[in-house]
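Novice: Everything below, folded, please.
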Amino acid sequence: MSTPKRSVARSAARLAAVQALYQKDMEATPLAKLLDEFHQHRLGQEVEDEQYADAETDFFDDIVKGVDARSDEIDAAVELRLAGGWSLRRLDKAMLQILRAGTYELIARADVPKASVISEYVDVAKAFFDDREAKFVNGLLDAVAKDVRD
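Specialist: Predicted structure coming up:
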């Protein structure tokens, strides 16, 4: 896979992973059913007149399964970097999934440069939120990166 095509496929995987994690959190969809639904009906498909980009399926699966499997470790890393008086429960549900996915990559995907992880999840945040929230994602993931990577 060429680098630009791989980059687009990974960006699509990250966005889809955040959407899948959000759905899992909101609807308690079992992991196997959730992954199957995204493989069959979302990734690279047209949904409600919107064409979803082809995503790197293995990368998507790794993020979703990894966040699910390491949720306690991930949540602790995020919570450690939240400002005083803030908790995971206070965060917007979509924001929480962005932070979880980004933190998972920082912890478990040493093959992905930390700057790429942060930049990609800032872009995901911009798909859902304004610049203020995107800057929050940037700052928090940068702080997490300092904790979990040399």
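Novice: So for this protein, the centremost residue is which one?
Specialist: A101 (3.1 Å; Cα atoms, centre = their mean).
Novice: low-scoring stretches of the protein, by residue?
Specialist: Within the chain, the ranges that satisfy pLDDT under 70 run 1-6, 45-53.
Novice: where do the helices sit along it?
Specialist: Taking DSSP state H, the helices of the chain run over residues 3-27, 31-41, 57-69, 71-80, 93-108, 114-128, 131-148.
Novice: how about the residue nearest to L91 when sequence neighbours are not counted, what does it touch?
Specialist: On the basis of Cβ to Cβ, 6 or more residues apart in numbering, the spatially nearest residue to L91 that is not a chain neighbour turns out to be L99, at 7.3 Å. All C-beta atoms are positioned from the backbone trio N, CA, C, and that covers glycine. Contacts for L99 (Cβ atoms under 8 Å, 6 or more residues apart in numbering) come out as V78, L91, Y121, V137, L140, L141.
Novice: How about the first one, nearest residue that isn't a chain neighbour?
Specialist: Counting by Cβ to Cβ, 6+ apart, V78 lies nearest to L99, which is 5.1 Å off, once chain neighbours are set aside.
Novice: Likewise for the third one?
Specialist: On the basis of Cβ to Cβ, 6+ apart, the spatially nearest residue to Y121 that is not a chain neighbour turns out to be G102, at 3.8 Å.
Novice: Please tell me how far that neighbour sits from V117.
Specialist: Computed as Cβ to Cβ, to the nearest Å, the G102 to V117 distance reads 6 Å.
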